[in-house]
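**Q** give me a 3D structure for the following:
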Amino acid sequence: MPMTLAEARNRLARANRMIANEGVLDAFGHVTMRHPTDPTRYLMSVSRAPELVMPDDIHEFTLDSQIVKPIEERLYGERVIHGEIYRARPEVNAVCHHHAASILPFCISGMELKPVYHLGATMGGKVPFWDSRDDFGDTTLIVAKPEEGASLARALGANWMVLMRRHGATVAGLTLEELTFRTIYTARNAAMQIQAHSLGNVSPLTATETELAGEYNLRPSPVSRAFEYWSARLDKAEGNWKPAKAAKKPTAKKPVGKKGAKKRRR
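**A** Sure, this is the predicted structure:
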């Protein structure tokens, strides 16, 4: 049964706040998801800090990044990042653009971001660079024009993450939960890679290890486990947390022996 629009808006608002609560998003950046029933549209908040996004802030946009129902509130200027990726990648259902402090040194230096531990393998085998100067020369570094968004989408290609020179990163996912997982753990991988360089020796995962570990960690079980954890941390931060019992595995009923059957007949 497909997710309702109301459920999608609530889930997307929480993902914005969750990724902010984990220190990846700050006052800037944004998380979007493809419309749950109309693949030619996507959902995005009005322009506000991700930590503050609520379901009522979420609106529908076409793949041209035009809002479906005009509103008075200010909109994000970099909507085309999302619209053009959704247009180019039909399988992508969620996108995050951020400027995490651990990622920016790679965007500034041009050093290659590599998976250095198993959860970092979710970045995929390659993280390409996109440099706005190549196609557009000197700009404000804000990706606001459709042609700029299309250029970024081409640089992303079939990969799951692209580094934007002197700007930040854009991450894609098959689901909103997968996107959240990949966004948080690739930012942590970047921090670990920088720390490892300070010790002198960095031994990244091999191509095969990256493929195997990436597939393993993006299975539904690890992704849902992490998403539940980050959701609880968000509830604690917002003062709404209540401990919930873990789901129990179903237990098989014990077979009734002859003695027990006799007792019941009595």
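**Q** can you measure across stretch 30-42, start residue to end residue?
**A** By Cα to Cα, to the nearest Å, the extent of stretch 30-42 from end to end equals 13 Å.
**Q** in it, what counts as buried?
**A** Residues of stretch 30-42 classed as buried by neighbour count (16 or more other Cβ atoms under 10 Å): 30-36, 41-42. Where C-beta positions appear, they are placed from N, C-alpha and C, glycine not excepted.
**Q** inside strands: which ones of these?
**A** Judged by DSSP state E, the buried residues of stretch 30-42 include 30-34, 41-42 as members of strands.
**Q** list the buried residues of the helix or strand hosting residue 152.
**A** Taking DSSP states H and E as the criterion, residue 152 maps to helix 146-156. By 16+ other Cβ under 10 Å, the buried positions in helix 146-156 come out as 148-153, 155-156.
**Q** just these now: which is nearest residue 78?
**A** Set against residue 78, the nearest of the buried residues of helix 146-156 by Cβ to Cβ is residue 149 (8.0 Å).
**Q** so that closest one touches residue 86, yeah?
**A** No - using Cβ atoms under 8 Å as the test, residue 149 is too far from residue 86 to be in contact (10.1 Å).
**Q** common neighbours of those two, please.
**A** Counting by Cβ atoms under 8 Å, 6 or more residues apart in numbering, residue 149 and residue 86 have no contacts in common.
**Q** pLDDT below threshold where in this protein?
**A** Scanning the chain for pLDDT under 70 picks out 243-266.
**Q** show me which of the buried residues of helix 146-156 is closest to residue 99.
**A** residue 152 (14.6 Å).
**Q** what about stretch 120-138, start to end distance?
**A** Length of stretch 120-138, first residue to last, Cα to Cα: 33 Å.
**Q** identify the spatial nearest neighbour of residue 55, chain neighbours not counted.
**A** Leaving aside its sequence neighbours, residue 55 sits nearest to residue 9 (Cβ to Cβ, 6 or more residues apart in numbering; 4.3 Å).
**Q** which strand or helix spans the one you found?
**A** Residue 9 belongs to helix 5-21, assigned by DSSP H and E.
**Q** okay, and the beta partners of the closest residue to residue 93 other than its chain neighbours?
**A** Spatially, and ignoring its direct neighbours in sequence, residue 93 is nearest to residue 34 (4.4 Å; Cβ to Cβ, 6+ apart). Beta-bridge partners recorded for residue 34 (DSSP bridges): residue 42.
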